[in-house]
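# Predicted model and sequence below, questions to follow.
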Amino acid sequence: MPGGGIQVIDEPAAVLQEVRNHFQGWTSKQQVQPLAGRWTEVYKPVESIDPLWYSGLMTPPTSLEVQQAISNGPAGKAGGPTHTRNEMMKHLGDRGLELFAVLCIRVLTGSRCPSAWKCGLIYPIPKTATWAGDLDAVRPITLLEHAWKVCLSILTSHLSSLCSQHKILHPHNFSVLKGSSIQEPLHALNAIMEDARERGKELWIVLQDI
């Protein structure tokens, strides 16, 4: 409120509307400004990367690939609007797996997904152990349909394989691809910190979360 006051809303319909308005600001489409200045050069496509390397990205998945994606999915995760969880999908029979594989193939080859997969459940999580009803003190997460996440994991697996095969990513992109790890940079950073501590040197460390 103006002047820094606190507004308490306790009427059920008004609470629902206020929550709806608040989270619409989180999920609304953001206007992205075009790149300018030095960032244009930074994000310019790398000429050494051949676009044909990505030609296998949308290759239709096999039934075995779909089954492995379901099997490797995490357990104990909340479901989306239909409340379908990975534990349920692991119990699909042969016919169910066959039909779901057909659906995944159509999604990837047609570059379209069912309209229901575009919906999600917004669940607010308090930022602190105690919450006093302040909407600014929560962070929302969106629960998506697990079937969509299975298809997405297959697409991610294809992309990771292509990046590894053609060495597309910079070598310093640690822990991004399968088989990579952040152990090496952590050991190097730890050695630098120990050297600075033992020799009484001044050390500045900058961490950037992108």
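Nice, I can see it.
# Determine the set of other helices and strands touching the helix or strand of the chain with the lowest mean pLDDT.
The least trusted helix or strand in the chain, going by mean pLDDT, DSSP states H and E, turns out to be helix 12-27, with a mean of 83. For helix 12-27, the elements it packs on are strand 121-126, strand 138-143, judged by 3 or more C-beta pairs under 8 Å, 6 or more residues apart in numbering; DSSP states H and E. Where C-beta positions appear, they are placed from N, C-alpha and C, glycine not excepted.
# Which one of those lies nearest to residue 91?
strand 138-143 (20.5 Å; C-beta to C-beta).
# Alpha carbons of the closest one, in CSV - could you do that?
Presented in CSV, the C-alpha positions along strand 138-143 are these (Å, rounded to 0.1, in the frame of the first residue of the first chain):
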residue,chain,number,x,y,z
VAL,A,138,6.9,-16.9,-1.4
ARG,A,139,8.4,-18.3,-4.6
PRO,A,140,6.2,-20.1,-7.1
ILE,A,141,7.0,-23.3,-8.9
THR,A,142,5.0,-24.7,-11.8
LEU,A,143,4.1,-28.4,-11.8
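# returning to what we had before: turn the helices and strands packed on helix 12-27 into TSV, columns for mean pLDDT and mean neighbour count.
Supplementary listing: these in TSV, determined by pLDDT from 0 to 100; neighbours: other C-beta atoms under 10 Å:
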stretch	mean pLDDT	mean neighbour count
strand 121-126	85	13
strand 138-143	86	14
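# Any regions of the protein where pLDDT drops low?
1-5, 210 (pLDDT under 70).
# can you point me to the longest helix in it?
Ordering each helix of the chain by length in residues (DSSP state H) puts helix 146-166 first.
# before we move on, back to that, and the next helix or strand past the least confident helix or strand of the chain?
helix 38-42 (DSSP states H and E).
# what's residue 18 in contact with, if anything?
9, 135 (C-beta atoms under 8 Å, 6 or more residues apart in numbering).
# same question, residue 82
116, 145 are the contacts of residue 82 under C-beta under 8 Å, 6+ apart.
# Adjust the sequence numbering to begin at 36 for everything that follows.
Okay, residue one is now 36; in that scheme the one you just asked about reads as residue 117.
# what about it, distance to residue 177?
As defined by C-beta to C-beta, to the nearest Å, residue 117 lies at a distance of 14 Å from residue 177.
# what domains does the record give for this structure?
Domain ranges of the chain: 37-56+86-203, 206-245, per automatic domain parsing.
# tell me the most buried of these?
Highest mean neighbour count of the domains of the chain: domain 37-56+86-203, a mean of 13 (counted as mean count of other C-beta atoms under 10 Å).
# Brilliant, that's me finished.
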